[in-house]
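Undergrad: sharing a sequence plus its predicted fold:
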Amino acid sequence: MSKHKNYSHEFKFKVALEMVRGDLTLAEIVSKYQVPRSVLSRWKKQLLDNGASVFRGENSTGKQAGAPASEIEKLHATIGRLKVENDFLQAVSSKLKL
């Protein structure tokens, strides 16, 4: 029965980044984190292959990050309505101060 250990995304990224930096040898990283060499090599390859997606604004599934266009339109409409209400209340407030 094999023990399959699950590592957090943050841990994988930290270790893979340490491998890319090259401050420690692969053997030193294996010893430091107690992670098999093959797993470390896979994490490093994944980081190098998929690292560019961070700068494209994509998430890990390859889909664009952010709200859909319909949601953005609703938010713009809400902002416009609130601006009109705010302007009206400011005008009324300034007339009451006189």
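TA: Yep, it's here.

Undergrad: and the lengthiest helix in the chain, how far out from the chain middle?
TA: For the chain, the longest helix by residue count, based on DSSP state H, is helix 69-96. Remark: helix 69-96 is offset 31 Å from the chain centroid, using C-alpha atoms, centre = their mean, to the nearest Å.

Undergrad: remind me what that helix packs against, helices and strands.
TA: In terms of contacts (3 or more C-beta pairs under 8 Å, 6 or more residues apart in numbering; DSSP states H and E), helix 69-96 is not packed against any helix or strand. Every C-beta, even on glycine, is put in place using the N, C-alpha and C of the backbone.

Undergrad: how's the chain carved up into domains?
TA: 1-63, 67-98 (automatic domain parsing).

Undergrad: any chance of the ones you listed in TSV, with mean pLDDT and mean neighbour count too?
TA: Below are the domains of the chain laid out as TSV (pLDDT from 0 to 100; neighbours: other C-beta atoms under 10 Å):
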stretch	mean pLDDT	mean neighbour count
domain 1-63	84	12
domain 67-98	88	10
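
Undergrad: now do the contacts for Lys45.
TA: Shown in contact with Lys45 (C-beta atoms under 8 Å, 6 or more residues apart in numbering): no residues.

Undergrad: kindly provide the distance from it to Leu75.
TA: Separation of Lys45 from Leu75 (C-beta to C-beta, to the nearest Å): 39 Å.
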